[in-house]
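**Student:** sequence unavailable; structure follows:
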């Protein structure tokens with residue numbers, strides 16, 4: 001990846017991080033739209049794999065996603081560029097908020113704005129779920145569909161810790177990899 005592309009990677013991750021509210025799942029979806037649909041740097045299946053890695057690794061999913069995408073695109077230098085682009089906006093915003101915390105805390109308009117943003121975040125997360133689920137259903141792989149439905153039931157209805165679900169999915173993936181060899 002040349003310097004121009006690295007700059008484009010930095011600007012993209014900086015922009016996504018600066019204007020994305022709602023956490024890592026939202027930014028990962030927007031990364032998919034930017035890097036898969038717009039730039040065509042990564043294909044859809046690879047992006048799903050990178051999202052799975054980002055979700056299962058410890059730490060913030062936005063940073064993990066930046067690490068995975070940056071490494072895929074340009075190795076260690078891509079990781080450095082994408083991580084800096086991802087962590088700079090929240091760092092700057094938190095710095096400003098901490099300086100004016102008292103004014104923000106008691107401001108009715110800021111409070112209402114943040115409450116309104118929650119609805120938008122819910123819509124984006126719903127969109128992510130739909131897109132990822134439809135991608136799994138389009139593959140018509142019964143095992144993947146069963147894993148998706150069982151994971152949802154285990155997490156939502158049975159309140160099973162997500163770590164256990166990830167471990168079971170990891171084991172299923174390892175077994176499937178061994179069997180398909």
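**Tutor:** Received the coordinates, thanks. All figures in this text were calculated on a predicted structure; none of them were measured in a lab. Numbers count the residues shown, from 1 in each chain.

**Student:** pull out the buried positions in the one helix or strand residue 81 maps to.
**Tutor:** Per DSSP states H and E: residue 81 is located in helix 61-99. Buried residues in helix 61-99, counted by 16 or more other C-beta atoms under 10 Å: 61-74, 78-83, 85-87, 89. C-betas here are computed from N, CA, C, even on glycine.

**Student:** how close does residue 167 get to residue 160?
**Tutor:** As for residue 167, its distance to residue 160 is 11 Å (criterion: C-beta to C-beta, to the nearest Å).

**Student:** same question for residue 69.
**Tutor:** Relative to residue 160, residue 69 is positioned 29 Å away (C-beta to C-beta).

**Student:** the chain: helices as residue ranges?
**Tutor:** Assigned by DSSP state H, the chain shows helices spanning 3-18, 24-32, 44-56, 61-99, 101-105, 108-139, 142-152, 162-179.

**Student:** the fourth one vs helix 3-18, what angle?
**Tutor:** So that's helix 61-99. Put simply, helix 61-99 runs at 60 degrees to helix 3-18, going by axes from the mean of the first three to the mean of the last three C-alpha atoms, to 10 degrees.

**Student:** check which helices and strands helix 61-99 is in contact with.
**Tutor:** Applying 3 or more C-beta pairs under 8 Å, 6 or more residues apart in numbering; DSSP states H and E, one finds that helix 61-99 contacts helix 3-18, helix 24-32, helix 44-56.

**Student:** ends of stretch 19-36, how far apart?
**Tutor:** 19 Å (C-alpha to C-alpha, to the nearest Å).

**Student:** ok, residues contacting it?
**Tutor:** Outside of stretch 19-36, the residues within contact range by C-beta atoms under 8 Å, 6 or more residues apart in numbering are 12-13, 16-17, 41-44, 47, 51, 54, 60-66, 69, 73, 86, 117, 120-121, 124-125, 127-128, 131.
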